[in-house]
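>>> what follows is a protein structure lacking sequence information:
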């Protein structure tokens, strides 16, 4: 089993001067230069007192410095905690309070949220072959994380409290290798890296997979259809994205009078984080000129669980594909209770997390002694062993490629003094999920929708904020008082745009 940073070292030993990572700031690093940048950051962290088992928060958006910071944390024996700089101060502090990091690295090169976080956290600026960053020391060194853990990825459970998914060095090696082999990645490939490395899709299936394959990655901090289109024209060979990104780049091309991409080098395109629609799949394949692949994964399983590898365009298969090599999948029909082979998707393999950090109770709820992970998603296996996702028993909303958990949004809304209670659900459109909020208010003290929107935006990242808020004097409820979320879209259909 290789440590996370040892995957990088393999490429340094084999092909040190080959291109490794570039970003929208104009930074371009070979594998040798990436290793040198990571070494400088490792020295900074060690000098700051970081020891094995400490947590190092990397607060940023996609750029080369983030890759160096993640590798440096691994070299120190510390646990990297990548956090999206677009999060609000409230959200960031919630993670810091739970992870208790000995160091926070803020990539401040790109204007925006990063500078605000750096100013608020205190600390000092640092420079090196990694460029310019900001270093803060919010908590004392403790060194108490399990030795095998490489990264904590924070997700929010049904209570709204953050949960740190502990992914091990072995998990990341397994996930990176599986993703690279699935996509037939090699040293000659150019990967477009707009999926955030603060989420498992970008971290494991893009960054770590590229390190394993020795491929080149072009990192982009924020999605732009124009920039993606330009990158596809300039030589991207492998593209992993979410449906919204595909839809927007196709619309951008159409506005330029182009119906097809016509790239001579693009060889692989995949869509993840949402089910495929057959018509949309055919349109995407016509545009890209290659077969569109689909897959299923989750943070607790290092991204990848199942994936397709269809060689021909026009294949009607819209399943998530068979399990990846080394992964077992089974269906527990007792959870759904509806028959027809539909039940909760459960899995085990080298991709399954160690558990939730400092939360054995939550770990025991989803991970049994035999290593089977309960996903909370409903699915079925067809006669070929391909997985079809039928729905989410959890209430997770995936908006723009980011995970949005309703209890977190509801908690933000409920904090407003004029809100009685709220319910948040997702609604599918052609290429994404919308975040919709239904808010119960008193007729004597009724807030304006704009007032609630401003209030929520002060607490949550933009992608978590509802696209629509419906005010009502009564939410549908069972006799127990539990809100009947499955009735919301139908009951308030005339109030929704």
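Received, thanks. Quick caveat, the model's predicted, so the values are computed rather than measured. Numbering: from 1, shown residues only.
>>> my guess is residue 322 meets residue 384, correct?
Yes - using CB atoms under 8 Å, residue 322 is in contact with residue 384, at 7.2 Å. For the C-beta atoms, the positions are set from N, CA and C on the backbone; glycine is no exception.
>>> of the two, who's got more company?
The residue with more neighbours, out of residue 322 and residue 384, is residue 322; 18 against 9, by other CB atoms under 10 Å.
>>> from the chain's centroid, how far away is the lowest-mean-pLDDT helix or strand in the chain?
Counting by mean pLDDT, DSSP states H and E, the chain has its least confident helix or strand at helix 333-336, which shows a mean of 76. On the basis of CA atoms, centre = their mean, to the nearest Å, helix 333-336 sits 27 Å off its chain's mean C-alpha point.
>>> could you do stretch 340-356 as well?
18 Å.
>>> got the end-to-end distance for that stretch?
33 Å (CA to CA, to the nearest Å).
>>> likewise stretch 187-195?
Stretch 187-195: ends 20 Å apart by CA to CA.
>>> show residues contacting it.
Applying CB atoms under 8 Å, 6 or more residues apart in numbering, the contact partners of stretch 187-195 are 15, 18, 21, 62, 185, 201-202, 205-207, 209-210, 213-220, 222-223, 228, 231-232, 235-242, 245, 265, 401.
>>> and the buried ones among those residues, selectable in ChimeraX?
Typed into ChimeraX, the line below selects the buried ones among the contacts of stretch 187-195, using 16 or more other CB atoms under 10 Å:
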select :18,21,62,185,201,202,205,206,207,209,210,213,214,215,216,217,218,219,220,223,228,231,232,236,237,238,239,240,241,242,245,401
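>>> among the contacts of stretch 187-195, which are in helices?
209, 210, 213, 228, 231, 232, 245 (DSSP state H).
>>> turn the residues you listed into JSON lines, including distance to residue 149 and pLDDT.
Converted to JSON lines, the ones in helices among the contacts of stretch 187-195 look like this (distance: CB to CB, whole Å; pLDDT from 0 to 100):
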{"residue": "209", "distance to residue 149": "20", "pLDDT": "98"}
{"residue": "210", "distance to residue 149": "22", "pLDDT": "98"}
{"residue": "213", "distance to residue 149": "24", "pLDDT": "98"}
{"residue": "228", "distance to residue 149": "33", "pLDDT": "93"}
{"residue": "231", "distance to residue 149": "34", "pLDDT": "94"}
{"residue": "232", "distance to residue 149": "36", "pLDDT": "94"}
{"residue": "245", "distance to residue 149": "31", "pLDDT": "81"}
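>>> in CSV: those, plus distance to residue 281.
Formatted as CSV, those follow (distance: CB to CB, whole Å):
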residue, distance to residue 281
209, 23
210, 25
213, 26
228, 19
231, 22
232, 18
245, 15
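>>> specify which member of those is nearest to residue 475.
residue 245 (33.7 Å; CB to CB).
>>> residues touching the closest one, list them.
194, 223, 225, 228, 401.
>>> okay, it and residue 182: tell me how far apart.
19 Å (CB to CB, to the nearest Å).
>>> show the contacting residues for the spatially most distant residue from the centre of the chain.
Going by CA atoms, centre = their mean, the residue of the chain most distant from its centre is residue 444, 41.6 Å out. By CB under 8 Å, 6+ apart, residue 444 lies in contact with nothing.
>>> just residue 29 next, same as before
19, 20, 21, 22, 37, 64.
>>> how does it look with 10 Å?
19-23, 35-37, 64-65, 67-68, 129-130, 216-217 (CB atoms under 10 Å, 6 or more residues apart in numbering).
>>> mind pulling up the phi and psi values for it?
With angles defined as degrees, to the nearest 10, residue 29 sits at phi -120, psi 140.
>>> who touches the least confident helix or strand of the chain?
339-346, 374-380, 390-391, 393.
>>> what subset of those is buried?
342-346, 374-380, 390, 393.
>>> closest one of those residues to residue 136?
So of these, ranked by how close each gets to residue 136 (CB to CB), first place is residue 376, at 34.7 Å.
>>> what helix or strand is that closest one on?
strand 373-381 (DSSP states H and E).
>>> packing partners of that strand?
Packed against strand 373-381, as judged by 3 or more CB pairs under 10 Å, 6 or more residues apart in numbering; DSSP states H and E, are the following elements: strand 292-296, strand 327-332, helix 333-336, strand 343-349, helix 360-366, strand 387-392.
>>> and if we set it to 7 Å?
strand 327-332, strand 343-349, strand 387-392 (3 or more CB pairs under 7 Å, 6 or more residues apart in numbering; DSSP states H and E).
>>> would you map the strands across the stretch 201-350 of the chain?
216-219, 238-241, 268-271, 292-296, 306-307, 327-332, 343-349 (DSSP state E, counting those that start in this stretch).
>>> now the third one: average pLDDT?
Mean per-residue pLDDT for strand 268-271: 93.
>>> give me the phi and psi for residue 3.
phi -70, psi 160.
>>> what's the answer for residue 28, then?
phi -140, psi 120.
>>> can you spell out the domain ranges of this protein, please?
For the chain, automatic domain parsing gives the domain ranges 4-182, 223-392, 397-495.
>>> just these: most buried one?
domain 4-182 (a mean of 21; mean count of other CB atoms under 10 Å).
>>> distance from the chain centre to that one, please.
For domain 4-182, the distance to the chain centre is 15 Å (CA atoms, centre = their mean).
>>> could you list the low-pLDDT ranges of the protein?
Along the chain, segments meeting pLDDT under 70 span 110-114, 156-160, 244, 273-277, 279, 336-339, 391-395, 478-482.
>>> for it, longest helix please?
Per DSSP H, the chain has its longest helix at helix 31-47.
>>> that one packs against which elements?
helix 4-14, strand 19-23, helix 64-75, strand 124-128.
>>> try it again with 10 Å
So helix 31-47, by 3+ CB pairs under 10 Å, 6+ apart, packs with helix 4-14, strand 19-23, strand 28-30, strand 55-60, helix 64-75, strand 103-106, strand 124-128, strand 131-136.
>>> residues contacting the residue nearest the centre of the chain?
The residue lying closest to the centre of the chain (CA atoms, centre = their mean) is residue 199, at 2.7 Å. Counting by CB under 10 Å, 6+ apart, residue 199 touches 82, 84, 153, 155, 205, 273, 299, 303, 401, 402, 403.
>>> ends of stretch 69-89, how far apart?
End to end - CA to CA - stretch 69-89 spans 21 Å.
>>> distance of residue 195 relative to residue 5?
Residue 195 is 21 Å from residue 5, by CB to CB.
>>> the helices and strands packed on helix 31-47: which one's closest to residue 467?
Nearest of those (CB to CB): strand 55-60, 26.2 Å.
>>> list the helices and strands that closest one packs on?
Going by 3+ CB pairs under 10 Å, 6+ apart, strand 55-60 lies up against helix 31-47, helix 64-75, strand 79-84, helix 89-99, strand 103-106, helix 113-121, strand 131-136, strand 149-156.
>>> want to throw those into CSV with distance to residue 492?
Formatted as CSV, the helices and strands packed on strand 55-60 follow (distance: least, CB to CB, whole Å):
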stretch, distance to residue 492
helix 31-47, 50
helix 64-75, 41
strand 79-84, 31
helix 89-99, 28
strand 103-106, 41
helix 113-121, 33
strand 131-136, 44
strand 149-156, 25
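>>> what's the span of stretch 362-374 from first residue to last?
OK, stretch 362-374 end separation, CA to CA: 12 Å.
>>> residues in contact with that stretch?
157-159, 161, 163, 165-166, 298, 300-301, 305, 328-330, 332, 335, 344-357, 359, 375-376, 393.
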